[in-house]
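Participant: I'll drop the sequence and a predicted model, then ask my questions.
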Amino acid sequence: MMKAIRTANRRSARAYLGGALALGLMVGGLAGAGALEAKSPAKSSAKSSAKAAAKKRVVKPRPIHPAGTYKRSRPNGGTLTITRQGHQWHMFVTAGGLPNGGATAADCEVAALGALHAARITARPVPWRSERITITPNDLTDVDGTVTVSFVKGGVQLNAVGITGPLCPPGSSFDGFYRRVR
C-alpha cells in the first residue's frame, strides 16, 4: 500500500513539474527570457532533425536525354520521335483523331524544331515530307502554332497549340502523355 502511494506521489510530482516547466517556457518565451527554451533538449533535437531533413530533401536535377521514341495510347494512338539536329531538337508527331464514331478525324502529322530549356522543348512547325503528306514552307506561312514537350517521369507531356486547325482536320489532337519506349 505504501509503495502504491509513493508511486502515485511521484507521478503527481512529475506531472506538476512538467506542467510548471511548460508554463515556465511559455511565460519565459513571452517575457523574452529564452534561457529555458534554449536548454530544452526536445526543441534543439527538433531543430537539428529539421535541418537534417532539409539537407536530405535537396534533389539534384536528372540529366535529360530527349532523343527517343514515345507512344501515347489514350485517348487515341500517337507516336512522337525526338532527334537532335545541331543545337536544336526535331520532333515528329503522328496522332489519330479524338474518338467520335464515324466522325473521327483522320490521323495527322506535324514536324517541329526547337531548343531545350529547363526540361522543356518549345518548337515551331517546320516543313516535312512523309508517306501521307508533304508540307512546304508556303503551307506554314499562316501557321502560328507551337509544340511544347515537357519531360516528366516516365515520358513527356505534349501540348500542341494552334496546330490542328491549319495543318490537321478538326477533331485531331496531339495533346497528352507519351510514354518513352526507346
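Facilitator: Okay, I see it. Quantities reported herein were computed from a predicted structural model and do not represent experimental measurements.
Participant: the nearest residue to A115 once chain neighbours are set aside: neighbour count?
Facilitator: Closest residue to A115 apart from its sequence neighbours, by Cβ to Cβ, 6 or more residues apart in numbering: Q88 at 5.4 Å. C-beta: built from backbone N, CA, C; applies to glycine. By other Cβ atoms under 10 Å, the residues close to Q88 number 15.
Participant: and Q88, how far is that from V181?
Facilitator: Going from Q88 to V181 by Cβ to Cβ, to the nearest Å gives 23 Å.
Participant: circling back to that earlier point, wait, the residue nearest to A115 sits on L113?
Facilitator: Yes - Q88 lies in contact with L113 (Cβ atoms under 8 Å); the separation is 5.4 Å.
Participant: got the contact list for S150?
Facilitator: For S150, the contacting residues are 119-120, 156-157, 159, by Cβ atoms under 8 Å, 6 or more residues apart in numbering.
Participant: which strand or helix spans it?
Facilitator: Assigned by DSSP states H and E, S150 belongs to strand 146-152.
Participant: show me what counts as buried in that strand.
Facilitator: By neighbour count, with 16 or more other Cβ atoms under 10 Å as the criterion, the buried positions of strand 146-152 are 146-149, 151.
Participant: anything in contact with each of Q88 and L113?
Facilitator: By the contact definition Cβ under 8 Å, 6+ apart, Q88 and L113 are jointly contacted by A123.
Participant: give me the below-cutoff pLDDT ranges for this protein.
Facilitator: Applying pLDDT under 70 to the chain flags residues 1-63, 98-106, 164-166.
Participant: tell me the SS of D139?
Facilitator: Here D139 is helix, with the state taken from DSSP: H, G, I helix; E, B strand; the rest coil.
Participant: so it versus A118, what's the distance?
Facilitator: 31 Å.
Participant: now I163
Facilitator: 22 Å.
Participant: higher neighbour count, these two?
Facilitator: Higher neighbour count among I163 and A118: I163, with 23 against 8, using other Cβ under 10 Å.
Participant: pretty sure the more buried one is touching P169, no?
Facilitator: No - counting by Cβ under 8 Å, I163 sits too far from P169 to count as a contact (11.6 Å).
Participant: which stretches in this structure count as strands?
Facilitator: With DSSP state E, the ranges of strands along the chain come out as 68-72, 78-85, 88-95, 108-117, 120-125, 128-129, 134-135, 146-152, 155-161, 176-180.
Participant: with that, I have no additional questions.
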